[in-house]
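Colleague: can't give you the sequence, but here's the structure:
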């Protein structure tokens, strides 16, 4: 039987500015661990710590531009484009352009704070500067 998900769970973000994360499917909203689907709304100038997640992430940009830094460079993912990152690959997301970005992130298995493996040094510095958890 189909299951209607009538609302998302808003999750606190990590980064230098507040970012809205609305999880529709995943550990927080549906207690689903095999996949997560979330809508992100990131402001201009937002940046988060680097990470080496244990999950595959498929990100579709609805509007704006998402930058994905990786070991060999930076991908600029624009509205209507998708980026796929593989498990255990170092990446760092940001939205440096004036319009920020709105995008959908799908993680396989589901996103979890325990498996995102954020860079500790950067995360600790940003949390102390901005009060983020």
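Modeller: Structure received. Being a predicted model, the structure only gives us computed values, none of them experimental.

Colleague: Tell me where the model's unsure across this structure.
Modeller: Applying pLDDT under 70 to the chain picks out residues 121-133.

Colleague: Let me see the contact set for the residue nearest to the spatial centre of it.
Modeller: The residue lying closest to the centre of the chain (C-alpha atoms, centre = their mean) is residue 105, at 6.4 Å. By C-beta atoms under 8 Å, 6 or more residues apart in numbering, residue 105 lies in contact with 36-38, 40, 57-59, 111. From N, CA and C alone the C-beta is placed, and that goes for glycine too.

Colleague: how far away is it from residue 91?
Modeller: 12 Å (C-beta to C-beta, to the nearest Å).

Colleague: ok now the lengthiest strand in the chain, how far from the chain's centre?
Modeller: The longest strand of the chain (DSSP state E) is strand 56-70. Offset of strand 56-70 from its chain centre (C-alpha atoms, centre = their mean, to the nearest Å): 8 Å.

Colleague: now swap in stretch 23-43 and tell me
Modeller: For stretch 23-43, the distance to the chain centre is 10 Å (C-alpha atoms, centre = their mean).

Colleague: Name the residues of that stretch that are buried.
Modeller: 23-30, 32, 35-38, 40-43 (16 or more other C-beta atoms under 10 Å).

Colleague: that older thread, between the contacts of residue 105, which sits nearest residue 101?
Modeller: Among the contacts of residue 105, residue 40 lies closest to residue 101 (C-beta to C-beta), at 7.5 Å.

Colleague: hey, where'd the strands end up in the protein?
Modeller: With DSSP E as the criterion, the chain has strands spanning 9-11, 20-25, 36-42, 46-47, 56-70, 73-78, 82-85, 91-95, 101-108.
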